[in-house]
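Visitor: Build me a model:
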Amino acid sequence: MSGHSRWSTIRRKKSAADAKRGREFSKLIRLITIAAREGGGDINANMRLRTAVEAARAANMPQDNITRAIKRGTGELEGVSYEAYTYEGYGPGGTAILIETLTDNKNRTTAEIRHIMSKQGGSLGESGCVQWMFEKKGVILVNRADAGEDALMEIGIENGADEVAEDGNYFRIVSHPSAFDKLRKAVEDAGIRVENAEISMEAQTQIRLAGKEAEAILRIVNALEEHDDVQNVWSNFDIPDDVMEKLAV
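Guide: You can find the predicted model right below:
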């Protein structure tokens with residue numbers, strides 16, 4: 001199970017659109033820019049860019065914004081230069097936390113991430129302290145009300161899925177990143193609505209949390225995700241859907 005994937009889905013549903021959308025657009029623009037810088041501006045040849053552009057379109061970002069972000073990345077337009085940094089640390093109950101950032105000032109970002117972690121009851125660790133617990137995977141979430149397990153299993157087997165399993169109110173389709181695009185297209189072509197689709201850092205083991213520890217880890221994730229430089233927060237917590245629904249803000 002992936003607490004992070006379900007938490008992201010629940011948070012998106014409960015977001016207050018206007019203020020959140022501005023922050024979301026800013027993060028997506030950074031993601032598109034650096035993907036284009038590192039892999040080129042052709043979305044058909046650059047999977048990372050294609051995934052970022054599709055996320056931007058799903059968030060209803062205007063095409064002009066997307067085009068400008070790509071051109072900044074390829075150098076056709078001037079813009080701020082962002083660098084990617086990953087921070088690692090610990091949360092309540094021994095949970096592992098990975099924090100992916102894009103920043104134009106590493107020193108500032110490091111200080112601010114450290115402050116957020118310590119204020120919310122977490123701690124930053126050394127590079128490599130928890131990353132070994134995670135593996136990069138393509139993850140697609142489908143609401144159980146929108147599809148049957150047999151149909152998704154068939155699609156998964158035919159299109160390179162490593163796993164199709166129940167996960168609370170969802171079915172999770174997990175694959176190697178190279179099969180991610182093909183799988184998502186196959187699900188959508190079958191007329192099945194995709195609730196969430198992302199290249200995720202999936203934890204090899206989960207830590208079940210409840211009560212105060214569950215509240216604390218979600219406060220940490222919330223605070224980190226609110227930071228403008230933070231692109232993704234991954235963790236190995238496992239919290240029941242009904243608890244996450246109540247704690248979502």
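
Visitor: ok, and what's touching the biggest helix by length in the chain?
Guide: When secondary structure is assigned using DSSP state H, the longest helix within the chain turns out to be helix 17-39. The contact list for helix 17-39, computed with CB atoms under 8 Å, 6 or more residues apart in numbering, reads 15, 45-49, 51-53, 55-56, 59-61, 65-66, 69-75, 79, 82, 84, 102, 226, 228, 230-231. Just so you know, the C-beta spots here come from the backbone N, C-alpha and C atoms, and that holds for glycine as well.

Visitor: Among the residues you listed, which ones are in strands?
Guide: Assigned to strands by DSSP state E, the following of these qualify: Ala84, Leu102, Val230, Gln231.

Visitor: Mind giving me the packing neighbours of the longest strand seen in the chain?
Guide: In terms of residue count, the longest strand belonging to the chain (DSSP E) is strand 134-143. Secondary-structure packing of strand 134-143 (3 or more CB pairs under 8 Å, 6 or more residues apart in numbering; DSSP states H and E): helix 3-14, strand 170-175, helix 180-189, strand 196-203.

Visitor: Strand 196-203 and the third one, what's the angle between them?
Guide: Pointing back at helix 180-189 there. Taking axes from the mean of the first three to the mean of the last three CA atoms, to 10 degrees, one finds helix 180-189 and strand 196-203 inclined to each other by 140 degrees.

Visitor: Would you mind writing the CA trace of helix 180-189 as CSV?
Guide: Presented in CSV, the C-alpha positions along helix 180-189 are these (Å, rounded to 0.1, in the frame of the first residue of the first chain):
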residue,chain,number,x,y,z
PHE,A,180,3.9,3.6,-17.1
ASP,A,181,2.7,5.5,-20.2
LYS,A,182,1.5,2.4,-22.0
LEU,A,183,-0.4,1.2,-19.0
ARG,A,184,-2.1,4.6,-18.3
LYS,A,185,-3.2,4.9,-22.0
ALA,A,186,-4.6,1.3,-21.9
VAL,A,187,-6.6,2.0,-18.8
GLU,A,188,-8.0,5.3,-20.3
ASP,A,189,-8.7,3.7,-23.7
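
Visitor: Okay, now the unreliable bits of this structure?
Guide: Along the chain, the model assigns pLDDT under 70 to residues 1-22, 241, 243, 245-249.

Visitor: residue contacts, the residue lying farthest from the centre of it?
Guide: What lies farthest from the middle of the chain is Glu76; by CA atoms, centre = their mean that is 28.1 Å. By CB under 8 Å, 6+ apart, the contact set of Glu76 is Gly41.

Visitor: mind checking how far it is from Val53?
Guide: 16 Å (CB to CB, to the nearest Å).

Visitor: go on, Ala165?
Guide: 29 Å.

Visitor: When the two are compared, which one has more neighbours?
Guide: Set side by side, Ala165 and Val53 show more neighbours around Val53, with 23 against 14, by other CB atoms under 10 Å.

Visitor: okay but that one is in contact with Gln63, surely?
Guide: No - if you go by CB atoms under 8 Å, Val53 and Gln63 don't touch, sitting 9.6 Å apart.

Visitor: distance between stretch 141-151 and the chain's centre?
Guide: 21 Å (CA atoms, centre = their mean, to the nearest Å).

Visitor: Would you indicate which residues of it are buried?
Guide: Leu141, Val142, Ala147, Ala151 (16 or more other CB atoms under 10 Å).

Visitor: quick one: which of these is nearest Asn196?
Guide: Leu141 (4.2 Å; CB to CB).

Visitor: Distance check, the closest one against Ile192.
Guide: For Leu141, the distance to Ile192 - CB to CB - is 11 Å.

Visitor: neighbours around the nearest residue to Gly93 once chain neighbours are set aside, how many?
Guide: Using CB to CB, 6 or more residues apart in numbering and skipping the chain neighbours, the partner closest in space to Gly93 is Glu213 (4.6 Å). Residues near Glu213, counting by other CB under 10 Å, number 19.

Visitor: Same check on the one 4 residues further on?
Guide: Ile217 is surrounded by 27 other residues when neighbours are defined as other CB under 10 Å.
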